[in-house]
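Q: Below is the structure, and that's it, no one-letter string:
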DNA sequence: AGGGTCAGGTCTGTTCATTGAACCTGAACG
DNA sequence: CGTTCAGGTTCAATGAACAGACCTGACCCT
């Protein structure tokens, strides 16, 4: 965490989780990874985060097993950051927090709509598909912009790429 | 958040949520509120948090409508901090994060067990009661220590009070 | 072969939240 | 009338976050 990265004295699993994803920016980085962002410079452009902080956070998330680093092209070889299985399990709490933010700390309607790719139904606040009546894993979710989007706020290439309907976890990049 | 409390440029409801509960300590304060902690000095003893930071976080959580301040005794009048309806809706993501921490960032088994008060069944990772097959609101949950508890770690009166099985949201204090 | 560009970082000085400890206040208590 | 208690406020020191400049290696073009 910001200043004193741990809650060493807390005998609590929430504190353990926050030591991993509770630092400033960490959860937004993980969210972006769900959205398909995987390149260093793409996180940088989309999050407006200092480079040194991004370096540090990505290293920490790799070290704690939330992300792993993997080449996404050769010649020249470039590495991207992708969610591990443990990282994928963060979907429900992150989605839940975002939905809470939507209801309690936002104006102008949902910024992003999440639907079950198979049937097109919009997910409920717990991440379940109302028509299929079961939880939907991130890979089966399609995201698209909602009415609350403020197009003037984000003009970087990644925001534009993410503003097109696409499946979660599908790699997105600034050049395409 | 730690250093720069906002993510102003992020057009995202997760960022809005993190502006409210993403600062260091904030989520642990909310968790303690679910556990029944409500007095300033009890948060202080249980969290090992600097007083000035606790003051600041409680004020911010009240200002953002997660907690409200309310007298819990007269003569002398004393105020406690309690979850609002919006605050109560944070239960699912917080429980989900804690369960994730349990599975991915802890050793020695669960520190705390959460069960459906009515039927005694232990909740699943999403906060549902497997036998009743529906989500359980915090007021219907009983917490008790699990096998992973490290009794040597927390010896303050609040930890001892919380270590006895009790319902969530039931006020707990150091003198009883 | 030399210049430009791109990804993915490091380095540096400044700013500002966090920390821990000491101090303050008002009301009861004995 | 001194003490205790809840619930803070004030302070200096610390160290993470920030913005921006700089660095490195590999490709690409001519």
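A: The structure has been received and is ready for your questions. As the structure is a computational prediction, the values presented were derived from the model and not from experiment.
Q: how about the strands in chain A?
A: For chain A, applying DSSP state E gives strands covering A:67-73, A:78-83, A:112-116, A:128-129, A:134-135, A:141-145, A:166-167.
Q: who wins for proximity to residue B:160 among these?
A: strand A:134-135 (37.0 Å; C-beta to C-beta). Glycine gets a C-beta too; all of them are placed from N, C-alpha and C.
Q: Next, the distance between the ends of stretch A:140-153.
A: Stretch A:140-153 has an end-to-end distance of 28 Å (C-alpha to C-alpha, to the nearest Å).
Q: Report whether it contacts chain B.
A: Yes: interface with chain B: stretch A:140-153 contributes A:149-150, A:153 (C-beta under 8 Å from any C-beta of the partner chain).
Q: Make a markdown table from those and add pLDDT and neighbour count to it.
A: What follows is these, written out as a markdown table (pLDDT from 0 to 100; neighbours: other C-beta atoms under 10 Å in any protein chain shown):
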| residue | pLDDT | neighbour count |
| --- | --- | --- |
| A:149 | 88 | 20 |
| A:150 | 83 | 9 |
| A:153 | 74 | 13 |
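Q: Of those residues, which is the nearest to DNA strand C?
A: Nearest to DNA strand C, judged by C-beta to the nearest atom of the strand, of the residues of stretch A:140-153 next to chain B is residue A:153 at 21.9 Å.
Q: For the spatially most central residue of chain A, which residues are in contact?
A: Against the mean C-alpha coordinate of chain A, by C-alpha atoms, centre = their mean, the closest residue is residue A:31 at 1.0 Å. Counting by C-beta atoms under 8 Å, 6 or more residues apart in numbering or on different chains, residue A:31 touches A:94, A:98, B:12, B:14.
Q: Double-check the first one against residue A:35; I have them as touching.
A: When you say that, I think you mean residue A:94. No: using C-beta atoms under 8 Å, residue A:94 makes no contact with residue A:35, being 10.8 Å away.
Q: Closest one to DNA strand D out of the residues of stretch A:140-153 next to chain B, please.
A: residue A:153 (15.2 Å).
Q: neighbours around the closest residue to that closest one other than its chain neighbours, how many?
A: Excluding the flanking residues, the one nearest residue A:153 by C-beta to C-beta, 6 or more residues apart in numbering or on different chains is residue B:11, at 4.3 Å. A count of nearby residues for residue B:11, using other C-beta atoms under 10 Å in any protein chain shown, gives 21.
Q: ditto for residue A:119
A: Around residue A:119 there are 12 residues (other C-beta under 10 Å).
Q: cool, the one 5 residues further on as well?
A: Residue A:124 has 13 neighbouring residues, counting by other C-beta under 10 Å.
Q: Over to residue A:7?
A: Using other C-beta under 10 Å, residue A:7 is surrounded by 21 other residues.
Q: Wait, residue A:122 touches residue A:115, no?
A: Yes: here residue A:122 reaches residue A:115: they are 5.0 Å apart, a contact under C-beta under 8 Å.
Q: give me every residue that touches the residue nearest to residue A:117 when sequence neighbours are not counted.
A: The shortest distance from residue A:117 to any non-neighbouring residue, by C-beta to C-beta, 6+ apart, is to residue A:142 (4.6 Å). Residues near residue A:142 by C-beta under 8 Å, 6+ apart: A:114-117, A:165-168.
Q: Please report the distance of residue A:142 from residue A:127.
A: Distance from residue A:142 to residue A:127, counting by C-beta to C-beta, to the nearest Å: 13 Å.
Q: list residues touching both of those two?
A: residue A:114.
Q: Spatially nearest residue to residue A:84, not counting backbone neighbours?
A: In space, residue A:84 is closest to residue A:68, 5.2 Å off (C-beta to C-beta, 6+ apart).
Q: What about the closest residue in space to residue A:53 that isn't next to it in sequence, how many residues nearby?
A: Ranked by C-beta to C-beta, 6+ apart and with sequence neighbours excluded, the top spatial neighbour of residue A:53 is residue A:25, at 6.2 Å. By other C-beta under 10 Å, the residues close to residue A:25 number 26.
Q: Same check on the one 4 residues further on?
A: Neighbouring residues of residue A:29 were enumerated by other C-beta under 10 Å; the total is 24.
Q: Enumerate every residue touching it.
A: Contacts of residue A:29 (C-beta under 8 Å, 6+ apart): A:43, A:47, A:54, A:57-58, A:61.
Q: tally of neighbours for residue A:157?
A: Residue A:157, neighbours per other C-beta under 10 Å, totals 15.
Q: per-residue pLDDT, the residue nearest to residue A:153?
A: Predicted confidence (pLDDT) for residue B:11: 73.
Q: And it, how close does it get to residue A:46?
A: Counting by C-beta to C-beta, the gap from residue B:11 to residue A:46 is 11 Å.
Q: With residue A:167 instead?
A: As defined by C-beta to C-beta, residue A:167 lies at a distance of 18 Å from residue A:46.
Q: Ok, residue A:166 next?
A: 14 Å.
Q: neighbour-wise, which of these two wins?
A: residue A:46 (25 against 17).
Q: Pull the contacting residues for the more buried one.
A: A:32, A:37, A:154, A:156, A:158-159, A:162.
Q: same check, this time on residue A:109
A: Taking C-beta under 8 Å, 6+ apart, one finds A:146-148 in contact with residue A:109.
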